[in-house]
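Trainee: Got a sequence here, can you model it:
(one chain, ligands or ions: 1)
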Amino acid sequence: MKQIIFFFSISILIFSSCKSYQAKTYDFPKPVDTTDKPIERQTKKQYSFPQQGVYADNLFDGARLNDFKFIQEDLYQATISPENFPINHSAYYAFRVWSDSPKTIQVELNYTHHAHRYPPKISRDGKNWEALDSNLIQLSTDSINVFLTLATNSDTLWVAAQEIQNSTHVKQWCEEKSQHENVLLSSIGKSKMGKDLLFLDIHNADVKKKDVIVILARQHPPEVTGYFAMQAFIDEILKDQPLSNDFRKKYRLLVFPLMNPDGVDLGHWRHNAGGVDLNRDWAYYHQPENRHIANFIVKTVKQNKSDVILGLDFHSTFWDVYYTNREIPEHIPYFKEYWLGGISQSLGEETNERPSNLGGPVSKNWIFTQFNALGITYEIGDSTPRDFIKEKGKVSATEMMQLLIFKGK
Ligand SMILES: [Zn+2]
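Mentor: Okay, the predicted model is just below:
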């Protein structure tokens, strides 16, 4: 009997200690249903028009091409559909096209929902991208579709809404970063389709009681410019310079550079493979991506008796903006004002901050309700110049490190 009681008590202990490592659920004022929704998959194939000697395909991760038709003479139509509906106005597309001989063709991007948003980028190798000349882009009379004039030849021409940064590219970047002695790369779980949820653990020396900064990116697949800013931000923190070296000794960064690998590889406009906006699932964690990452952060912090003091979630929208909360957090309560002011001053621009009351289950609100810490949705414009994004990411990291190191918490 004693043995049974002992075993029973141990089980309760194990059960309760596991339970305490789970992220807590929270009833936000504006709840969102994040249970699975069906998605429409694109048919992965090559479209061939041997009479015209023209070909197109979507046989790569990050592609979005739902149909490709020959219309007449040199005109073709590429149909682009979202993964499901309703969905945000973020009509993402990506495909390849080539021809037997050099040609000039017109491709109409035919959107089944919403309208054209992203100015096309082109590439000959899928790595180096440039904007398609604006003279070669013509909006349809109803301003929904767009006609692209493309010079094709036997080399593949990549055409995409934004530079392709699929799960393979992000993994390569993570592997590069993991060469640094203060970076550990791992996978903390699997997405709905079984892809790795990549994690970079950045710190120097002991992690016990070390204050933690959480970094998230790519909840929304097309939001590549926010990801670029995050890359520059991390690069600055990893630099071998006194400020960065001191910072890594004092703080720990938990970085999740690709929260939605399925959506990214499927060329989704917004959602994951469960057809859900992951940045609305920070209350009940119906989707595996949120569940694994939220529980992992809570567990890591509790095990080390640490505090999350700041959470930055990198996104993209039509312009650069910071979405913040009006609530004042317990940790670093006035950091936000100094930080955003410092970034603007360094870059010589106005701070575009949009504060709001605690509303829906988005990551910044999760950071606040879960850890009583500051959460910021850090948004970069779709067409913000890429050099400026790099500079902004770098300046954002420098200002943050200076504030947290020299000015104290
Ligand atoms: Zn977003």
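Trainee: Point me to the helix or strand that includes residue 405.
Mentor: Per DSSP states H and E, residue 405 falls inside helix 386-406.
Trainee: measure the closest residue to residue 303 other than its chain neighbours to residue 254 for me?
Mentor: Counting by Cβ to Cβ, 6 or more residues apart in numbering, residue 303 lies nearest to residue 21, which is 7.4 Å off, once chain neighbours are set aside. For glycine as for every other residue, the C-beta is placed from the backbone atoms N, C-alpha and C. Distance, residue 21 to residue 254, using Cβ to Cβ, to the nearest Å: 15 Å.
Trainee: what about these two, which has more around it?
Mentor: Neighbour tally, residue 21 and residue 254, criterion other Cβ atoms under 10 Å: the higher count belongs to residue 254, 23 against 14.
Trainee: mind checking how far that one is from residue 188?
Mentor: 9 Å.
Trainee: And residue 170, by the same measure?
Mentor: Going from residue 170 to residue 188 by Cβ to Cβ gives 15 Å.
Trainee: Could you name every residue contacting both of residue 254 and residue 188?
Mentor: Each of residue 199 lies in contact with both residue 254 and residue 188 under the rule Cβ atoms under 8 Å, 6 or more residues apart in numbering.
Trainee: So residue 258 is in contact with residue 167, correct?
Mentor: Yes - contact between residue 258 and residue 167 holds when scored by Cβ atoms under 8 Å: they sit 6.2 Å apart.
Trainee: what's the burial count for the closest residue to residue 42 other than its chain neighbours?
Mentor: Leaving aside its chain neighbours, residue 42 sits nearest to residue 66 (5.0 Å; criterion: Cβ to Cβ, 6+ apart). In terms of burial, residue 66 registers 20 neighbours under the definition other Cβ under 10 Å.
Trainee: and if you look at residue 124?
Mentor: 13.
Trainee: Check what pLDDT residue 272 gets.
Mentor: Here the pLDDT value assigned to residue 272 is 98.
Trainee: So it: helix, strand or coil?
Mentor: Applying DSSP: H, G, I helix; E, B strand; the rest coil to residue 272 yields a three-state assignment of coil.
Trainee: What of residue 301?
Mentor: Judged by three-state DSSP, the three-state class of residue 301 is helix.
Trainee: what's the distance between it and residue 66?
Mentor: Relative to residue 66, and taking Cβ to Cβ, residue 301 is found at 42 Å.
Trainee: give me the beta-bridge partners of residue 111?
Mentor: Residue 111 forms beta bridges with residue 80, as assigned by DSSP bridges.
Trainee: in terms of contact, does it touch residue 140 like I think?
Mentor: No - Residue 111 sits out of contact with residue 140 when judged by Cβ under 8 Å, with a separation of 9.8 Å.
Trainee: dump the residue contacts of the closest residue to residue 192 other than its chain neighbours.
Mentor: The spatially closest residue to residue 192, leaving aside those adjacent along the chain, is residue 273, at 4.2 Å (Cβ to Cβ, 6+ apart). Taking Cβ under 8 Å, 6+ apart as the definition of contact, the neighbours of residue 273 are 39, 191, 192, 193, 262, 263, 266.
Trainee: Look at the fifth one and give its secondary structure.
Mentor: Taking three-state DSSP as the rule, one finds residue 262 in the helix state.
Trainee: That one is in contact with residue 192, isn't it?
Mentor: Yes - under the criterion of Cβ under 8 Å, residue 262 is in contact with residue 192, at a separation of 5.7 Å.
Trainee: distance of residue 103 from residue 51?
Mentor: Going from residue 103 to residue 51 by Cβ to Cβ gives 13 Å.
Trainee: Residue 249 too?
Mentor: The gap separating residue 249 from residue 51 is 66 Å, by Cβ to Cβ.
Trainee: what does residue 212 give?
Mentor: Distance, residue 212 to residue 51, using Cβ to Cβ: 61 Å.
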